[in-house]
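Asks: Provided below for reference: sequence and predicted model.
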Protein chains: 2
Amino acid sequence: MALAHAILTALTGEELSGYDLAKRFDASLGHFWKASHQQIYKELSKLEQRALVDARVIEQQARPDRIVYSVTEAGRANLRDWAAAPAKPAPVKEDLLVMCHALGLIPAATLRAQLMKRNAQARERLETLERLEAKLFPDPSALKGRALGQYLSLRGGLRYERLWIEWTEECSATLDARGKR
Amino acid sequence: MALAHAILTALTGEELSGYDLAKRFDASLGHFWKASHQQIYKELSKLEQRALVDARVIEQQARPDRIVYSVTEAGRANLRDWAAAPAKPAPVKEDLLVMCHALGLIPAATLRAQLMKRNAQARERLETLERLEAKLFPDPSALKGRALGQYLSLRGGLRYERLWIEWTEECSATLDARGKR
DNA sequence: AGCTTATATGCAACTATTTGCATATGAACA
DNA sequence: TGTTCATATGCAAATAGTTGCATATAAGCT
């Protein structure tokens, strides 16, 4: 289960609370693993039970107390073990592909609207990622270690968004060409 | 929930049993939506309860009886409604990206092995899809309706596998270049 | 005679994820 | 003064998906 490992990864190097983690998952991390705050809090409790993270309460007056977590040595070992085991390709679960497959049963106009919307979403995400790339990795050739891994995973995210932009455009173009005849 | 709709789509035009569907999901359909036979049988019962499909038992002597399903008019309407509602982009859940993000915490050699393995898997899947494309759609410019949708979703699958091939190669090349210095 | 493969269906238990709700405070805004 | 936003944590219920097991027959292999 990679949510646990995504959390462990995020937690290495800095102590974070569930709330902090939820924000990371909304921003950078979320581009390749999505998780809600409810899920994160639950997972953190489980990780604590398994002694893969340590919890520490930071008292606050104005706001609710924070519970910050750090990775234990067992947690780091667990991460390494996980990485050594064979990774399964993520099952593809893409509504749009199913809808596309159903063309003929659903109206072409409906599909076209979905494709255009998805294209706009992917463009927006791509822009975000490109800004992130320019900001965090201005000189990729100098990267190594931790930063290199983060750069490469970001590159994966960029490719992923471009895939959907290009595919939706291929579909739209094909549908347009067919529609005219 | 798109599993239900993937099933409804597959069922339109021909009656199929759970077993037949499971085979489809293993072959073509499964390239953009995965489902186990247990899940398919369960979903079929639910669809029948909701009167979106009709069930019919075909008795057999040598083998267990088959239960074949066909889509009802309510099922077709449900499919159209689903397609008209806004589709969410599939949440990205890719172990490899998380592992890559964790480089520095996990050994580079481990990551490299995962990347190479994934590259090989994606190449294999791509080949399968390319064979399928050549076989089913020898003349794409002539397609329309149902077949066009199936062709375009297959094109999405092709792009998807190419994405992973290219990305794993970018990663390997970058890691190699860094490793030498 | 025993093993595997293919056909055909399904339950049960577990894990993962989503959705909705609940609580509590301070600051900014209208 | 009421509303919304940001901070901060979590429970409960439902849905979705995985993993393991169970059953039954026939054909082909060893």
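Replies: Thanks, I have it.

Asks: distance check, the residue nearest to residue A:118 when sequence neighbours are not counted against residue B:153.
Replies: The shortest distance from residue A:118 to any non-neighbouring residue, by C-beta to C-beta, 6 or more residues apart in numbering or on different chains, is to residue A:168 (5.4 Å). C-betas here are computed from N, CA, C, even on glycine. Applying C-beta to C-beta, to the nearest Å, the value for residue A:168 to residue B:153 is 12 Å.

Asks: residues of stretch A:160-176 that come out buried?
Replies: Within stretch A:160-176, the residues scored as buried using 16 or more other C-beta atoms under 10 Å in any protein chain shown are A:160-165, A:167-168, A:171-172, A:174-175.

Asks: avg pLDDT for that stretch?
Replies: Average pLDDT, stretch A:160-176: 97.

Asks: what's that stretch in contact with?
Replies: Stretch A:160-176 has contacts (C-beta atoms under 8 Å, 6 or more residues apart in numbering or on different chains) with A:32, A:100, A:108, A:111-112, A:115-116, A:118-119, A:122-123, A:125-126, A:129, B:89, B:92, B:148, B:152, B:155-156, B:159-160, B:163.

Asks: wait, doesn't residue A:4 sit right on residue A:44?
Replies: No. Judged on C-beta atoms under 8 Å, residue A:4 makes no contact with residue A:44 at a distance of 9.4 Å.

Asks: more neighbours: which of these two?
Replies: residue A:44 (22 against 19; other C-beta atoms under 10 Å in any protein chain shown).

Asks: chain B versus the residue nearest in space to the middle of chain A, what's the distance?
Replies: Centre of chain A computed as the mean C-alpha position; nearest residue by C-alpha atoms, centre = their mean is residue A:32, 2.3 Å away. Relative to chain B, residue A:32 is positioned 4 Å away (C-beta to the nearest C-beta, to the nearest Å).

Asks: what of residue A:12?
Replies: 5 Å.

Asks: which residues touch that residue?
Replies: A:71, A:76, A:79, B:102, B:105.

Asks: buried among these? Need that as a selection in ChimeraX.
Replies: To isolate the buried members of the contacts of residue A:12 in ChimeraX, using 16+ other C-beta under 10 Å:
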select /A:71,79 /B:102,105
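
Asks: one step back: from the contacts of stretch A:160-176, keep the buried residues only.
Replies: Neighbour-count burial (16+ other C-beta under 10 Å) is assigned, among these, to A:32, A:100, A:108, A:111-112, A:115, A:118-119, A:122, A:125-126, A:129, B:89, B:92, B:148, B:152, B:155-156, B:159-160, B:163.

Asks: what's the residue in chain A that DNA strand C sits nearest to in contact with, if anything?
Replies: Relative to DNA strand C, the nearest point of chain A is residue A:1 (2.9 Å; C-beta to the nearest atom of the strand). By C-beta under 8 Å, 6+ apart, residue A:1 lies in contact with nothing.

Asks: dump the residue contacts of the closest residue to residue A:31 other than its chain neighbours.
Replies: Using C-beta to C-beta, 6+ apart and skipping residues adjacent in sequence, the residue nearest residue A:31 is residue A:157, 4.3 Å away. Neighbour list for residue A:157: A:31-32, A:129, B:92, B:97 [criterion: C-beta under 8 Å, 6+ apart].

Asks: what do you get for residue A:115?
Replies: Residues in contact with residue A:115 (C-beta under 8 Å, 6+ apart) are A:96, A:100, A:168, A:171-172, A:175.

Asks: and the residues you listed, which is closest to DNA strand D?
Replies: Closest approach to DNA strand D among these (C-beta to the nearest atom of the strand): residue A:96, at 14.6 Å.

Asks: correct me if wrong: that closest one contacts residue A:114.
Replies: Yes. Taking contacts as C-beta under 8 Å, residue A:96 lies within contact range of residue A:114: 6.1 Å.

Asks: of the two, which one has the most company?
Replies: Shown here are residue A:96 and residue A:114; by other C-beta under 10 Å, residue A:96 has more neighbours (25 against 22).

Asks: show me how far the longest helix anywhere in chain A is from its chain's centre.
Replies: For chain A, the longest helix by residue count, based on DSSP state H, is helix A:145-180. Remark: helix A:145-180 is offset 15 Å from the chain centroid, using C-alpha atoms, centre = their mean, to the nearest Å.

Asks: same thing with stretch A:44-54?
Replies: 22 Å.

Asks: using CSV, write out every CA atom in that stretch.
Replies: Taking C-alpha atoms only, stretch A:44-54 is exported to CSV below (Å, rounded to 0.1, in the frame of the first residue of the first chain):
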residue,chain,number,x,y,z
LEU,A,44,-1.0,8.1,10.5
SER,A,45,-2.6,6.3,13.4
LYS,A,46,-1.9,3.0,11.8
LEU,A,47,1.7,3.9,11.1
GLU,A,48,2.1,5.0,14.7
GLN,A,49,0.7,1.6,15.9
ARG,A,50,3.2,-0.2,13.8
ALA,A,51,5.9,2.0,15.2
LEU,A,52,6.9,3.3,11.7
VAL,A,53,6.4,6.9,12.9
ASP,A,54,6.7,8.7,16.2
